[in-house]
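>>> generate a structure from the sequence data that follows.
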Amino acid sequence: MPPMKTLFLATAVTILALTEQALAHAHLKTATPAADSTIKQSPSVLDLGFTESLNLKFSAATVTGPGRKAIKIGTAALAEGDKTLTIPVSDTLAPGKYTVKWHVLSTDGHKTNGSYSFTVAP
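A predicted model of the protein is given here:
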């Protein structure tokens, strides 16, 4: 095979392999409250929707508020085909900015994590 064809074929195979790996991870697709949103009422639950089904035993989130104060949350559950991590919020959130940090394990064994923020308006 000529060198250019070999190089092209190797590049194409590498790109396809990397694309498959990237698609196999559970990425945050939706969040309620939404990332960077401002809401008027304290939420009673957080819903984090992912692109893959999750393993609940190894998936969780934490919430911190103004001054990095830890917010009390309840036990997480899965919904919508095990793609949505539902987290009850035990505390009433005062006005301010809140950060949700999450880590999940998809059912195919890939770990991902991230964070986002939302604001509760006065």
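>>> please make it C-alpha for all contacts and neighbour counts, starting now.
Will do.
>>> where does pLDDT dip in the protein?
Low-confidence segments of the chain, defined by pLDDT under 70, are located at 1-24.
>>> stretch 31-42: end-to-end distance?
When the termini of stretch 31-42 are compared using CA to CA, to the nearest Å, they are 15 Å apart.
>>> then stretch 98-117?
End-to-end for stretch 98-117, by CA to CA: 5 Å.
>>> quick one: that stretch to chain centroid distance?
Relative to the chain's own centre, stretch 98-117 is displaced by 4 Å; criterion: CA atoms, centre = their mean, to the nearest Å.
>>> quick one: the strands in this structure?
Secondary structure of the chain (DSSP state E): strands located at 28-32, 38-39, 45-50, 60-64, 77-79, 84-88, 96-105, 111-120.
>>> how many other residues sit next to the spatially closest residue to residue 70 that is not a sequence neighbour?
Nearest non-adjacent residue to residue 70, counting by CA to CA, 6 or more residues apart in numbering: residue 64, 4.5 Å away. Residue neighbour count, defined by other CA atoms under 10 Å, stands at 16 for residue 64.
>>> make residue 1 into 46 and carry on from there
Fine by me, first position is 46 from now on; the one you just mentioned is residue 109.
>>> sorry, back to before: for residue 115, find the nearest of the strands of the chain.
Proximity to residue 115 (CA to CA) singles out strand 105-109 among those, at 4.5 Å.
>>> by how many degrees do the closest one and strand 90-95 diverge?
Strand 105-109 runs at 130 degrees relative to strand 90-95, counting by axes from the mean of the first three to the mean of the last three CA atoms, to 10 degrees.
>>> using CSV, write out every CA atom in strand 105-109.
Taking C-alpha atoms only, strand 105-109 is exported to CSV below (Å, rounded to 0.1, in the frame of the first residue of the first chain):
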residue,chain,number,x,y,z
ALA,A,105,-23.7,10.9,43.3
ALA,A,106,-23.7,14.7,43.6
THR,A,107,-23.0,17.3,46.2
VAL,A,108,-24.4,20.8,46.4
THR,A,109,-22.7,23.8,47.9
